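In: mind looking at a prediction? Sequence and model below.
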Amino acid sequence: MQEPHFRLAEALSQLDQLTNWEQRPRGEMRVGLEPIVDLSARLGDPHRAFRSIHVAGTKGKSSTCALLEAGLRHAGISVGRYASPHVKHISERVTVNGWPVEDQVLAEALFLALDALKAARRDATAAEAATWFDMLTAAAFLIFRDAGIQWAVVETGLGGRLDSTNIVDSDISIITNIGLEHTEILGKTRAAIAFEKAGIIKSRTIVVTPLEADDEAGAVIAKRAAEIDVRLIQPDFSGLKTIAERNIAVAGAALDALGEFGLTAREGEVVGGWLIDEQAKLDANLPGRMERFVVPAGGRAVAVAIDGAHVPFNLEAVLDDLSGMEGFSGPGIAVVAIAGDKDAAGFVEVMARYGVSPIFTSVSDRFRSPAELQALAKAMGLESEVIEDPKAAYEKALDRAGASGAWVILTGSLYLAGLLRDHVMMQDAMSRKR
């Protein structure tokens, strides 16, 4: 029998022949649910085999999903989580009871989806246009069904209304926040983007969002909730200072809502936000999100953070949080790569405001050129460097930090985090052995 990792590589090789909008300029993107609906029907509609919580938003949706997963596991409930993108390995996107899916299981689910695609091409039905993300979404739902998952926590890929994940008939919808992102697809205003993300809300269910009705985006969500008879819950953020605290409040409100459905934990207690204890918080830590390390350079210990922040308000929140953490006071140096569909000018403006000196690098052709980013920085009076190779850019940042007493952050993209994270972790581990 073929080794599991070779079997998965074979499935992914076939998958990579399909359109993958995560790797292409998204301005050309055409979206719709018809392909995933047809594909799922050919697979027996696996998404109908479990109940679900559907999560959209510009910032914090992955961490919120991980908190929900950890809380439900704590309750003794069988849970799956579907997320994107991954930092290191594709199995990060599909977890079953807190564990990344095994290579063999993912491979076989993908081959079933590929067989359905071949049948759709033969019959010339909608699924013949299925994308890379459609296929992976269908495979994830197959895995959840076959594992006997009771609840799935499903993160949208892009937007919501027309996202492949929106075939789930969710009990609870969460919209964490709204910022300007993917504007060429979702719209040029926060209200337009909110309309797309609010498309995940199903009638007569519950929606959780911290956005107030007098907010431009919050008004759109409140209107949608009223139109389709949905109860709207707004967690209280007063006194909460960090991203992590706000994510916990959102996830806790959703768990409280599940308790109102009558869902109980293993000891018969009603499910609620109390499930997010210290262990659940640890279990919910994700790669590339507010990770902190200590790396030796220039005879001193340099604080290094990795966060895949990719929109301005996201970066601002990260920098605010870091400013209160040990090792991150004073000037910072950022290694930055920004995708072509992101608000690069806004991102650079935040760095200028916080006194963070950028070294611009590149990950792929889908990213803005470092020279273009440097020109933006120059126009704002912010000094910067261009180093095309990400690892070389990071080492230069580390050398400068060691010499100047600064700290370092790798940001702008989870793909950049994935490229450099193992190297930073190895340096951190070596420093701890000394």
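Out: Yep, it's here. Numbering: from 1, shown residues only.
In: any idea how far apart the tips of stretch 146-164 sit?
Out: End-to-end distance for stretch 146-164, by Cα to Cα, to the nearest Å: 20 Å.
In: now that stretch: average pLDDT?
Out: Average pLDDT, stretch 146-164: 95.
In: then stretch 61-75?
Out: Stretch 61-75 comes out at a mean pLDDT of 96.
In: and that stretch, which residues are buried?
Out: 61-75 (16 or more other Cβ atoms under 10 Å). Where you see a C-beta, it was placed from the backbone N, CA and C, and this is true even at glycine.
In: can you give the distance of it from its chain's centre?
Out: 13 Å (Cα atoms, centre = their mean, to the nearest Å).
In: got it, and stretch 397-404?
Out: In this view, stretch 397-404 has its centroid 30 Å away from the chain centroid, taken as Cα atoms, centre = their mean.
In: and if you look at stretch 256-267?
Out: How far stretch 256-267 lies from its chain's middle: 26 Å, per Cα atoms, centre = their mean.
In: just the buried residues of stretch 61-75 now: which is nearest Arg48?
Out: Nearest to Arg48 out of the buried residues of stretch 61-75 is Leu72 (Cβ to Cβ; 19.3 Å).
In: these two touch, right, that closest one and Leu275?
Out: Yes: under the criterion of Cβ atoms under 8 Å, Leu72 makes contact with Leu275 at 7.3 Å.
In: residues shared between the contacts of these two?
Out: Residues touching both Leu72 and Leu275 (Cβ atoms under 8 Å, 6 or more residues apart in numbering): Leu255.
In: could you work out the end-to-end span of stretch 160-170 for me?
Out: The straight-line separation of the ends of stretch 160-170 (Cα to Cα) is 13 Å.
In: and what of stretch 260-270?
Out: One end of stretch 260-270 to the other measures 8 Å (Cα to Cα).
In: that stretch: which residues count as buried?
Out: Leu263, Ala265, Val270.
In: how close does the last one get to Gly71?
Out: In this structure, Val270 and Gly71 are 13 Å apart, going by Cβ to Cβ, to the nearest Å.
In: flag whichever of the buried residues of stretch 260-270 scores worst on pLDDT.
Out: Minimum confidence in the buried residues of stretch 260-270 sits at Ala265, scoring 89.
In: pretty sure that one contacts Gly259?
Out: No: Ala265 sits out of contact with Gly259 when judged by Cβ under 8 Å, with a separation of 9.1 Å.
In: returning to what we had before: tell me the one of the buried residues of stretch 260-270 nearest Ser203?
Out: Set against Ser203, the nearest of the buried residues of stretch 260-270 by Cβ to Cβ is Leu263 (20.4 Å).
In: am I right that Val304 is in a strand?
Out: Yes: residue state for Val304 (DSSP: H, G, I helix; E, B strand; the rest coil) corresponds to a strand.
In: tally up the residues packed near it, please.
Out: The local packing of Val304 (other Cβ atoms under 10 Å) involves 27 other residues.
In: where do the strands of the stretch 51-200 of the chain begin and end?
Out: Applying DSSP state E, counting those that start in this stretch to the stretch 51-200 of the chain gives strands spanning 51-56, 79-82, 94-96, 99-100, 151-155, 172-175.
In: what comes into contact with stretch 138-146?
Out: Stretch 138-146 is contacted from outside by 36, 39-40, 43, 46-47, 49-50, 80, 82, 93-94, 96, 101, 105-106, 109-110, 112-113, 116, 130, 152, 168, using Cβ under 8 Å, 6+ apart.
In: buried sites along that stretch?
Out: Ala138, Ala139, Ala140, Phe141, Leu142, Ile143, Phe144, Arg145.
In: may I see the residues you listed arranged in a markdown table, with distance to Ala56 as well?
Out: As requested, these are exported to a markdown table (distance: Cβ to Cβ, whole Å):
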| residue | distance to Ala56 |
| --- | --- |
| Ala138 | 19 |
| Ala139 | 21 |
| Ala140 | 17 |
| Phe141 | 17 |
| Leu142 | 23 |
| Ile143 | 22 |
| Phe144 | 19 |
| Arg145 | 23 |
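In: of those, just say which sits nearest to Ser329.
Out: Using Cβ to Cβ, the buried residues of stretch 138-146 come closest to Ser329 at Ala140, 41.7 Å.
In: roughly how far apart are that closest one and Lys118?
Out: The value you get for Ala140 to Lys118, if Cβ to Cβ is used, is 20 Å.
In: now do Gly273
Out: Per Cβ to Cβ, Gly273 is found 46 Å from Lys118.
In: so which of the two has more stuff around it?
Out: It is Gly273, of Gly273 and Lys118, that has more neighbours when counted by other Cβ under 10 Å, with 20 against 13.
In: got the contact list for the more buried one?
Out: Gly71, Ile248, Ala251, Gly252, Ala253, Leu255, Asp256.
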